[in-house]
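Participant: Quick one, fold the following:
(chains A and B)
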Amino acid sequence: MLQVQFIRQNKELVLERLAVKHFKEPGIVEEVLALDDQRKKLTLEYDETQAKINSASKEIGKLMASGDKAGAEARKQDVAAFKQALGPIDESLRETEKNLHDTLVKLPNLPGANVPPGKTPEDNVEVRGGGVKPTLAEGSVPHWDLAKKYNLIDFELGNKITGSGFPVYINKGARLQRALISYFLDYNTANGYTEVLPPYMVNEASAYGTGQLPDKEGQMYFVTEDNFYLIPTAEVPVTNIYRDEILKEAALPVRMTAYTPCFRREAGSYGKDVRGLNRLHQFEKVELVQLVQPEKSYGVLQEMVEHVEKLLISLNLPYRILNLCGGDMSFTSAQTFDFEVWSAAQEKWLEVSSVSNFESYQTNRMKIRYKDENGKNQLLHSLNGSSLALPRIVACLLENNQTPEGIILPEVLRSYFGSDRIA
RNA sequence: GGUGAGAUGCCUGAGUGGCCGAAAGGAACGGUUUGCUAAACCGUCGUACGGGUAACACUGUACCGAGGGUUCGAAUCCCUCUCUCACCGCCA
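Facilitator: A predicted model of the protein is given here:
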């Protein structure tokens, strides 16, 4: 969430930036400021009254010790009166704090300076692209047919075991998953990221910390027995590693990478784009997370974009990078670059990675700070990105590389996969 | 799942009603000393939200796992919850 102090000092800027995000309730900004004023006023009243109680209590102790029972009794009467006054102050202070918090979390993150204006996906700006869209031979088919032909993935079997959106990878299909995960992790660790294998379920505090709660509740699977959420992305457990921590500057930057399955209910997304591997309830993903000093975060964002880009280049997949416009960005992001890969048989772009700078929006919730050179505690900036989400990569690898001699795999995967092709 | 013991600052650990935001030791940081390292010595060494200030200073309140309660006063007493450890049971 945003910092109240920042909103107070930059009200005009906040309103202007919220407009870029097409935020519909700019009135919340004034609401926040009013609630914060009230909070301060009540805090002062509370503190002053409590101070009276504390000093009177100390006096009582001394009076008792010196044997002045009557004096002590008199002071007790005073305390009783102070406490009576404190009750309602305490109550309204709590209520105000809760209102302030509940109002504050309704404000999305502010888009950064380089976020293009615009409202819909059509307004996203293509930054650059690479690779060549292959010309497929006559009789080429989409990945779900290839998956069947080479016995790689059984979608129906997944229906039987669990339900739709839970495919079963078999034989070389399963091996390909493992190869991709290993390759991605090795690529990331070779570039300075520390490998992490986190829990796949998180508690409420963690889901709140990265911003899945309160508003995206319905998108996560929830285990009622223990109040755990199945993670929709490794971002959640991995970023929360540093929740409530104050890091030394020498420990920065924090760079982590993690493979996890991701679970998403995808409530409300039915239709033709759910065919095959395009949209699943469970999928594999390797994620990147960084925690860095504020002044470095945009440089790091570019660095992460290039990192993911090189990974895609190594896979020989035609890609494009989009700078998401204000209206298409997520609630919590300050700037996001999406990576899309060309699915040659479906003839469309599929999103395979999303690299974002959250500035201090997540870290403010999680209280992830560092001690700067002046010894002051400051919020860090958090960033994350996929490198990469597997299903759509697999879809494109299968479709784009299909030949009469089988599916020819890119060089970098062969040692992991144990063969140069799926035939 | 059962029984028992616990949860205090970066760590270890003292503290069973007021003099405790909290002893002591260690770590860390700054300094003195030193050819260098080590040692020794001196100092600093929690967080949040207020008030105050040009900024410091100064100052109030809260926090000893979380939430409630008793009391003039709670780290300390009571209740609930969570978690940790040990042993037993079960088990990859």
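Participant: Walking through chain A, point out its helices one by one.
Facilitator: With helices called from DSSP state H, chain A shows them at A:4-9, A:11-20, A:27-65, A:69-104, A:143-149, A:155-161, A:172-190, A:204-209, A:235-239, A:297-314, A:361-366, A:390-400, A:411-417.
Participant: could I get those helices as a markdown table with distance to A:Phe222, mean neighbour count and mean pLDDT?
Facilitator: The C-beta positions use only the backbone N, C-alpha and C, and glycine is treated the same way. A markdown table is the format used below for those (distance: least, C-beta to C-beta, whole Å; neighbours: other C-beta atoms under 10 Å; pLDDT from 0 to 100):
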| stretch | distance to A:Phe222 | mean neighbour count | mean pLDDT |
| --- | --- | --- | --- |
| helix A:4-9 | 31 | 14 | 92 |
| helix A:11-20 | 31 | 16 | 94 |
| helix A:27-65 | 28 | 15 | 93 |
| helix A:69-104 | 21 | 14 | 91 |
| helix A:143-149 | 30 | 20 | 96 |
| helix A:155-161 | 21 | 14 | 94 |
| helix A:172-190 | 26 | 18 | 97 |
| helix A:204-209 | 9 | 20 | 90 |
| helix A:235-239 | 13 | 27 | 94 |
| helix A:297-314 | 31 | 18 | 97 |
| helix A:361-366 | 20 | 24 | 93 |
| helix A:390-400 | 23 | 26 | 96 |
| helix A:411-417 | 35 | 16 | 97 |
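Participant: For A:Glu347, find the nearest of the ones you listed.
Facilitator: With C-beta to C-beta, the closest approach to A:Glu347 among the helices of chain A belongs to helix A:390-400: 9.5 Å.
Participant: Now do the same contact list for the closest residue to A:Arg264 other than its chain neighbours.
Facilitator: Among residues not flanking A:Arg264 along the chain, A:Pro232 sits closest, at 5.0 Å (C-beta to C-beta, 6 or more residues apart in numbering). Residues near A:Pro232 by C-beta atoms under 8 Å, 6 or more residues apart in numbering: A:212, A:216, A:219-220, A:262-264.
Participant: How about the backbone phi and psi for A:Pro232?
Facilitator: Note on A:Pro232: its backbone torsions stand at phi -80, psi -10 [degrees, to the nearest 10].
Participant: Could you list everything the residue of the stretch 151-300 of chain A found nearest RNA strand B pairs with in the sheet?
Facilitator: Distances between the stretch 151-300 of chain A and RNA strand B by C-beta to the nearest atom of the strand are smallest at A:Ile246, namely 6.0 Å. Beta bridges link A:Ile246 to A:Arg369, judged by DSSP bridges.
Participant: remind me which residues of the stretch 251-400 of chain A are low pLDDT?
Facilitator: Counting by pLDDT under 70, the stretch 251-400 of chain A shows low-confidence ranges at A:268-272.
Participant: need the contact list for the residue of the stretch 151-300 of chain A closest to RNA strand B.
Facilitator: Contacts for A:Ile246 (C-beta under 8 Å, 6+ apart) come out as A:369-371, A:377.
Participant: Looking at neighbours, which among these is most surrounded?
Facilitator: Greatest neighbour count in the contacts of A:Ile246, by other C-beta atoms under 10 Å, goes to A:Tyr370: 24 neighbours.
Participant: Quick check: residues of chain A near RNA strand B?
Facilitator: Proximity of chain A to RNA strand B, by C-beta under 7 Å from any atom of the strand, involves residues A:4, A:36, A:39-40, A:43-44, A:46-48, A:50-51, A:53-58, A:60-61, A:64, A:76, A:79-80, A:83, A:246, A:369, A:371, A:377.
Participant: what number of residues lie near A:Trp199?
Facilitator: Residue A:199: Pro, not Trp. Considering only other C-beta under 10 Å, A:Pro199 is surrounded by 13 other residues.
Participant: wait, what's in contact with the nearest residue to it once chain neighbours are set aside?
Facilitator: Spatial nearest neighbour of A:Pro199, chain neighbours left out: A:Pro237 (5.4 Å); criterion: C-beta to C-beta, 6+ apart. Contacts for A:Pro237 were tallied using C-beta under 8 Å, 6+ apart; they are A:198-200, A:202, A:206, A:231, A:258, A:260.
Participant: what do you get if the cut-off is 6 Å, keeping everything else the same?
Facilitator: Remark: with contacts taken as C-beta atoms under 6 Å, 6 or more residues apart in numbering, A:Pro237 is in contact with A:198-199, A:202, A:231.
Participant: just A:Val29 next, same as before
Facilitator: Contacts for A:Val29 (C-beta under 6 Å, 6+ apart) come out as A:Val14.
Participant: Recalculate using a threshold of 10 Å.
Facilitator: Applying C-beta atoms under 10 Å, 6 or more residues apart in numbering, one finds that A:Val29 lies in contact with A:2, A:7-8, A:11-12, A:14-15, A:18, A:23, A:103, A:107.
Participant: before we move on, back to that, A:Val254 is nearest to which of the helices of chain A?
Facilitator: Using C-beta to C-beta, the nearest of the helices of chain A to A:Val254 is helix A:235-239, at 9.6 Å.
Participant: residues contacting the residue of the stretch 251-400 of chain A found nearest RNA strand B?
Facilitator: Per C-beta to the nearest atom of the strand, the residue of the stretch 251-400 of chain A with the smallest distance to RNA strand B is A:Asn377, at 3.9 Å. Taking C-beta under 10 Å, 6+ apart, we find A:Asn377 in contact with A:246-247, A:367, A:369-371.
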